[in-house]
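Visitor: Pasting the sequence and the predicted model now:
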Amino acid sequence: MEFTDDAYVLTARPYGETGAIVEVLTRDRGKFAAHVAGGASRRMKPVLQPGVRAVFHYRARTSDHLGAGSLEPTGEGPSALFDDPLALAGLAAAASVTAGALPEREPHPGAFHALAALSEALAYPDIWPAVFVRFEAGLLQELGFGLDLSCCAVTGSSDDLAWVSPRTGRAVSVAAGEPYRDRLLRLPPFLLSAQGGLGPGDIAAGLALTGHFLEAFVFAALNRPLPPARIWLIDRLRDAGKL
């Protein structure tokens with residue numbers, strides 16, 4: 001088995017004295033793990049950071065074996081964000097959520113392109129937290145757990161949508177949801193429309209919304225908690241006054 005594909009580095013861990021096991025998200029083939037010779041070296045360390053975009057070369061004797069991989073970085077990647085620790089935390093959280101949520105060797109081109117869009121948005125401090133929430137919503141959609149924000153689950157109306165049922169992921173209008181507001185998740189307007197704008201608390205509400213469904217429908221089924229990198233991101237966003 002042998003292929004070359006565009007990819008993002010998701011995780012890397014030492015293997016042996018000089019190597020590393022690296023997980024990448026490829027454009028056409030989904031998430032792959034590979035042994036990268038020399039991955040522990042000083043030269044390779046910058047290439048194996050979460051969020052690095054690279055050309056990924058993979059070779060294995062059979063499709064069942066852990067193969068050997070090599071990476072040729074393209075673009076600046078995380079190095080362009082060294083002066084913005086918050087954006088770096090966002091990239092690390094996105095890579096960690098992707099690595100934990102996606103199954104191996106199953107094509108998910110939508111997830112790849114969503115990660116690419118988020119990576120580009122990280123250069124814009126005022127908007128990327130909202131793009132991060134959209135990224136997670138897109139990941140849920142890619143995995144078959146997409147939120148239904150088209151109309152109210154109770155009335156069928158598409159007007160005044162303000163809540164989401166934590167059980168079904170369907171939107172609920174202001175009037176229909178008011179008696180049950182303590183049991184519902186708030187729906188920030190920016191998830192309904194690109195022109196929705198950002199108000200106080202919208203990013204926190206969006207992260208609570210996507211986090212609930214990632215935890216309930218994706219990570220719980222895998223007997224895993226939400227990745228620590230995501231929790232750290234929320235703490236850092238709160239400290240920076242972005243929530």
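Guide: In hand now; what should we look at?
Visitor: which stretches of this structure form strands?
Guide: With DSSP state E as the definition, the chain shows strands at residue ranges 2-15, 19-26, 30-36, 53-59, 67-73, 161-164, 171-173, 185-186.
Visitor: List the buried residues in the first one.
Guide: What it means is strand 2-15. Within strand 2-15, the residues scored as buried using 16 or more other C-beta atoms under 10 Å are 5-12, 15. In this view, the C-beta of every residue, glycine as well, is placed from N, C-alpha and C.
Visitor: Taking strand 19-26 as reference, get the angle to it.
Guide: Between the direction of strand 2-15 and that of strand 19-26, the angle (axes from the mean of the first three to the mean of the last three C-alpha atoms, to 10 degrees) works out to 130 degrees.
Visitor: Strand 2-15 to strand 53-59, inter-axis angle?
Guide: 100 degrees.
Visitor: any idea which helix or strand of the chain has the worst average confidence?
Guide: Within the chain, no helix or strand scores below strand 67-73, which has a mean of 92 by mean pLDDT, DSSP states H and E.
Visitor: before we move on, the earlier item: reformat the buried residues of strand 2-15 as TSV; add distance to residue 105.
Guide: Shown next, in TSV, are the buried residues of strand 2-15 (distance: C-beta to C-beta, whole Å):
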residue	distance to residue 105
5	12
6	16
7	13
8	16
9	17
10	14
11	16
12	18
15	19
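Visitor: Looking at the residues you listed, which two lie furthest apart in space?
Guide: By the measure C-beta to C-beta, 6 and 15 form the most distant pair in the buried residues of strand 2-15, at 23.8 Å.
Visitor: quick revisit: now render the strands of the chain as TSV, adding distance to residue 135.
Guide: Conversion of the strands of the chain to TSV gives the following (distance: least, C-beta to C-beta, whole Å):
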stretch	distance to residue 135
strand 2-15	12
strand 19-26	12
strand 30-36	16
strand 53-59	15
strand 67-73	22
strand 161-164	17
strand 171-173	20
strand 185-186	18
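Visitor: which stretch among those strands comes nearest residue 239?
Guide: If you check each of the strands of the chain against residue 239 by C-beta to C-beta, strand 185-186 wins as the nearest, at 21.8 Å.
Visitor: Who are the packing partners of that closest one?
Guide: Using 3 or more C-beta pairs under 8 Å, 6 or more residues apart in numbering; DSSP states H and E as the contact test, the elements touching strand 185-186 are strand 161-164, helix 202-213.
Visitor: Given it, what are its sheet partners and their directions?
Guide: Next to strand 185-186 in the sheet, as set by DSSP bridges, lie strand 161-164 (antiparallel).
Visitor: Put the alpha carbons of the partner strand into CSV.
Guide: C-alpha atoms of strand 161-164 as CSV (Å, rounded to 0.1, in the frame of the first residue of the first chain):
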residue,chain,number,x,y,z
LEU,A,161,-34.7,30.3,16.8
ALA,A,162,-33.0,30.7,20.1
TRP,A,163,-32.4,27.2,21.6
VAL,A,164,-31.3,23.7,20.8
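Visitor: got the contact list for it?
Guide: Outside of strand 161-164, the residues within contact range by C-beta atoms under 8 Å, 6 or more residues apart in numbering are 147, 149, 151-152, 170-174, 177, 180-181, 184-187, 192, 209.
Visitor: pretty sure residue 242 is in contact with residue 203, am I right?
Guide: Yes: using C-beta atoms under 8 Å, residue 242 is in contact with residue 203, at 6.0 Å.
Visitor: Please identify the nearest residue in space to residue 100, excluding sequence neighbours.
Guide: Using C-beta to C-beta, 6 or more residues apart in numbering and skipping the chain neighbours, the partner closest in space to residue 100 is residue 227 (5.3 Å).
Visitor: Report pLDDT for the one you found.
Guide: You'll see residue 227 listed with a pLDDT of 97.
Visitor: Quick check on it: phi, psi?
Guide: phi -60, psi 140 (degrees, to the nearest 10).
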